[in-house]
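> how would this look folded up:
(chains A and B)
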Amino acid sequence: MSNSEIAGIFENLYNILSIDEKTKFEALAYQRVARELQSMPDDVSDLYDKYGIGGLMKIPGVGKGIAQHIIEYLKTGKIEKYEKIKSEYPIDFKDLFRIEGLGPKKAILLYKKLGIKNLNDLKKAAEEHKIADIPGFGKKSEELILKNISMLASLHGRILLAQGLNEARKIISYLTKSDFIDRCFIAGSTRRMKETLGDIDILATSKDSKKTMDLFINFEDARSVMIKGETKTTILLSTGVTCDLRVINDASFGAALQYFTGSKDHNIKIRKIAIGNNYKLNEYGLFYNDSNIAASKDEKFIYNRLNMDYIPPEMREDRGEIELALQHRIPELISLNDIKGDLHLHTKESDGLNTTEEMVNAALEKRYEYIAMTNHTKNLKIAHGIGDQDFIKYFDTVDKLNQKYKIKILKGAEVDILKDGSLDLKDETLGQMDCVIASVHMNISMEKEDMTQRVINAIKTGKVNILGHPTGRLINKRSSYEIELDEVSKYCEKYKTALEINSSPERLDLNDENILKTSKYNVYYSINTDSHNIYGYDFMELGVGTARRGWLGKEKVINTMDLNGLMKFLKK
DNA sequence: GCCGTTTTCGGCCCGACTGTTTTCAGTCG
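Modelled structure (predicted):
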């Protein structure tokens, strides 16, 4: 993967070039490409191999010059321009930037004055009280640096979406109990349903912003106050992430929600379009000749005034959605209400915590039309996977419950895909099932070609309805196994195997990028929770959010079908 | 260095907060 390495180089070029007035715009160009490279699903080296320099120049922000730099890196592992500048400023910017309030200019000043290259150097200099004397710094900044360094150890970096949503909702219910706060909404990456969050953004309208901020800093999970102002306050939560509260006038609500939802790249582009139409867009409104025309209503008016379709928050990543909106081609995305059942559930029979009947009752509360019981198979001993005989016996239980309850309980399994791609149950057993999920759980470190073939072999058995968590990644813990999803998708199309969007908080697998990638093919998806207890059903919103980030409509998702439609799809 | 619903040259998002200043620069999102 060359993308992140090259992005790192361009990021540093930005840092160094941005301090000089003469090169600050050139710096921006490098920064833009750095960000583009990091969010791009395709590897630049593949792109160059396949399409040459023209392929590289298709990347937004990449012109001839930067394309040449990328090629130079791919061929030699170095970029001469950067090597030269780096020898002048051998600074570990990434390390230093972990300190809040340190940016390129201050970092370079610290290097010039004190030779500081990294956090270690910085810590030493601060402890020796050398920082305060440097122009632009002072006693307070020295203290802040020391405080931030000691705090770094306890920061967790990015938290899972599920955690963030939880925390955000807790804050909102805390704030809205007061009588001076009117509206209170989740914004930022949480609203965009990003799989991990670096911070939490909350937006509130209030009659009394001072009182609101005072209330906010007294929230029970607040560990410390980082910034406190009239309109913006930042606290550090005990989970290790920060939470921003912005208080705005009710009259600016729509514009503010648009602005604070982001993403940054999306907003920059939208604001440029506004300028192109002689408007000015900021968090207070959409202005034409200094008169505010579309601020107080909801966000939709802003997009519509710019001659665009409304763009759902989950799509706002500058991945082509703006161009689509300008052509009025924003698709109708799936929503949580479209889901008619959950097709990946575990019970006590393998490693679940609840009985089948308890799981059925919980599904009834969700008003589901159907669910599928899909326990692990014998290969997965750690999860108490069960064998053919036990499945046959278990299906009697399911038959009885089907008599008793007004919900269709499908017989199924999450069958292991063995090393050679065969399935971990006999054909006769699989033949008695309504819904077969096949997943890779063991021997996950294989060469890309072998893993791809393994999964394709499983699909080619013709018994697999759903490919479970297709890449096997665990967020913040384990990267996906090597697999070529393009190839897999072709077979999914041919054998009517749906790709799972596993909604379990740590999985979210397929993720948004892989959904975008595979939806080029005529494949279906199944959004499942992989619940191991009755509370797991609630994770469905994470999977639906991920599907929305992958631009999916409900017509592509099999568990939005009614029971008849679903059974037709599952029939092999 | 890149880019163009006017542009192949002249722009490049924009406002809040902080700490350093004595009117502002740097950072952040």
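
> Only C-alpha atoms from now on, for both contacts and neighbour counts.
Noted.

> Tell me where the stretch 251-400 of chain A is predicted with low confidence.
For the stretch 251-400 of chain A, the stretches flagged by pLDDT under 70 are A:289-290, A:292, A:294-297.

> Now do the strands in it.
Taking DSSP state E, counting those that start in this stretch as the criterion, the stretch 251-400 of chain A contains strands spanning A:280-282, A:285-288, A:291-292, A:341-345, A:370-376.

> Can I get the second one in CSV, CA atoms only?
What follows is strand A:285-288, C-alpha atoms only, in CSV (Å, rounded to 0.1, in the frame of the first residue of the first chain):
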residue,chain,number,x,y,z
GLY,A,285,-26.5,31.1,6.5
LEU,A,286,-26.4,31.3,2.8
PHE,A,287,-26.0,34.9,1.8
TYR,A,288,-26.7,36.8,-1.4
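
> Which of the strands of the stretch 251-400 of chain A sits closest to A:S531?
strand A:341-345 (5.0 Å; CA to CA).

> Residues touching the closest one, excluding its own?
If you take CA atoms under 8 Å, 6 or more residues apart in numbering as the criterion, strand A:341-345 is touched by A:368-375, A:414, A:435, A:437, A:526-532, A:537, A:559-560.

> before we move on, what about stretch A:507-520?
Under CA under 8 Å, 6+ apart, the answer for stretch A:507-520 is A:41, A:195, A:469-475, A:485-486, A:489, A:499-503, A:542-543, A:546-552.

> what about that stretch, start to end distance?
With CA to CA, to the nearest Å as the measure, stretch A:507-520 spans 22 Å from end to end.

> So for it, what gets flagged as buried?
For stretch A:507-520, a neighbour-count test (16 or more other CA atoms under 10 Å) marks A:507-519 as buried.

> same check, this time on stretch A:191-201
A:191-201.

> can I see the domain layout of chain A?
Here the domain assignment for chain A is A:3-152, A:160-248, A:252-326, A:336-570, based on automatic domain parsing.

> Which one, of the ones you listed, ends up nearest to DNA strand B?
Proximity of the domains of chain A to DNA strand B was assessed by CA to the nearest atom of the strand; the nearest stretch is domain A:3-152, lying at 2.6 Å.

> Span of that closest one from start to end?
27 Å.

> now stretch A:227-247
14 Å.

> And for stretch A:110-120?
13 Å.

> what does that stretch rub up against?
Residues from elsewhere that reach stretch A:110-120 (CA under 8 Å, 6+ apart): A:89-93, A:95-96, A:107, A:122, A:125, A:134.

> now swap in stretch A:25-41 and tell me
Against stretch A:25-41 from outside (CA under 8 Å, 6+ apart): A:3-4, A:6-8, A:10-11, A:13-18, A:44, A:59-62, A:66, A:513.

> Could you double-check that A:A274 lies in contact with A:L306?
Yes: in this structure, A:A274 is within contact of A:L306 by CA atoms under 8 Å, at 6.5 Å.

> Can you say which helix or strand has the residue located most distally from the centre of chain A in it?
No residue in chain A sits farther from the centre than A:D133, which is 42.6 Å out by CA atoms, centre = their mean. When secondary structure is defined by DSSP states H and E, A:D133 falls outside every helix and strand.

> roughly how far apart are it and A:L114?
Distance, A:D133 to A:L114, using CA to CA: 11 Å.

> Repeat that for A:K211.
43 Å.

> which helices and strands does the host helix or strand of A:V436 pack with?
Per DSSP H and E, A:V436 falls inside strand A:435-439. With contacts taken as 3 or more CA pairs under 8 Å, 6 or more residues apart in numbering; DSSP states H and E, strand A:435-439 sits against strand A:370-376, strand A:408-416, strand A:466-467.

> got the contact list for A:G412?
A:372-375, A:433-437.

> Can you tell me who it pairs with across the strands?
A:G412 has these beta-bridge partners by DSSP bridges: A:T374, A:C435.

> Need the per-residue pLDDT for it.
As predicted, A:G412 sits at a pLDDT of 97.

> can you check A:K210 too?
So, for A:K210, pLDDT stands at 89.

> That one: what's its closest spatial neighbour, skipping adjacent residues?
Take A:K210 and drop its neighbours on the chain: the residue closest to it by CA to CA, 6 or more residues apart in numbering is A:E230, 6.2 Å away.

> Please verify my assumption that the one you found contacts A:S209.
Yes: assessed by CA under 8 Å, A:E230 is found in contact with A:S209 at 6.3 Å.

> which residues are in contact with both of the two?
Joint contacts of A:E230 and A:S209 (CA under 8 Å, 6+ apart) are A:V247.

> Who has more neighbours out of these two?
A:S209 (21 against 14; other CA atoms under 10 Å).

> residue contacts, the more buried one?
A:S209 neighbours (CA under 8 Å, 6+ apart): A:230-231, A:247.

> need the contact list for the residue nearest to A:K210.
Per CA under 8 Å, 6+ apart, neighbours of A:E230: A:209-210, A:213, A:247.

> and if we set it to 10 Å?
Going by CA atoms under 10 Å, 6 or more residues apart in numbering, A:E230 touches A:208-213, A:246-248.

> From those residues, pick the one nearest A:D399.
A:R246 (54.2 Å).

> Tell me the secondary structure at that closest one.
Each residue gets one of three states, and A:R246 gets strand by DSSP: H, G, I helix; E, B strand; the rest coil.

> so how many other residues sit close to it?
Neighbours around A:R246, by other CA under 10 Å: 23.

> Likewise for A:A162?
21.

> Could you do A:G103 as well?
Neighbour tally, A:G103, other CA under 10 Å: 16.

> any weak-confidence spans in the stretch 101-250 of chain A?
Applying pLDDT under 70 to the stretch 101-250 of chain A flags residues A:153-156.

> Can you pull the residues of it lying near DNA strand B?
Listed as neighbours of DNA strand B in the stretch 101-250 of chain A under the rule CA under 7 Å from any atom of the strand: A:101-107, A:132, A:135-142, A:188, A:226-233.

> Of those residues, grab the buried ones for PyMOL.
In PyMOL syntax, the buried subset of these is picked out as below (16+ other CA under 10 Å):
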select buried, chain A and resi 103+104+107+132+141+142+188+228+233
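
> Out of the residues of the stretch 101-250 of chain A next to DNA strand B, list just those in strands.
A:226-228, A:232-233 (DSSP state E).

> how about those, which pair is most distant?
A:M226 and A:K232 (10.7 Å).

> So for the two, which residues contact both of them?
By CA under 10 Å, 6+ apart, the residues touching both A:M226 and A:K232 are A:D244.

> coming back round to it: can I get the helices and strands packed on strand A:435-439 in a markdown table including distance to DNA strand B?
Converted to a markdown table, the helices and strands packed on strand A:435-439 look like this (distance: least, CA to the nearest atom of the strand, whole Å):
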| stretch | distance to DNA strand B |
| --- | --- |
| strand A:370-376 | 40 |
| strand A:408-416 | 41 |
| strand A:466-467 | 37 |
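
> mind checking which of those strands is nearest A:L74?
That would be, of these and by CA to CA, strand A:466-467, which comes in at 35.1 Å.

> tally of neighbours for A:Y525?
What A:Y525 shows, counting by other CA under 10 Å, is a neighbour count of 25.

> that older thread, which residues are in contact with both of A:A274 and A:L306?
A:L286.

> Between all of the buried residues of stretch A:507-520, which two are separated the most?
A:R507 and A:S519 (19.2 Å).

> follow-up on the earlier one: buried subset of the contacts of strand A:341-345?
A:368-375, A:414, A:435, A:437, A:526-532, A:537, A:559-560.

> can you put the helices and strands packed on strand A:435-439 in CSV and add distance to A:L401?
Listed next are the helices and strands packed on strand A:435-439 as CSV, based on distance: least, CA to CA, whole Å:
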stretch, distance to A:L401
strand A:370-376, 12
strand A:408-416, 8
strand A:466-467, 24
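
> What about the contacts of stretch A:507-520, which are in strands?
A:499-502.

> Export those to TSV and append columns for pLDDT and distance to A:L425.
Listed next are the ones in strands among the contacts of stretch A:507-520 as TSV, based on pLDDT from 0 to 100; distance: CA to CA, whole Å:
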residue	pLDDT	distance to A:L425
A:L499	98	20
A:E500	98	20
A:I501	98	23
A:N502	98	22
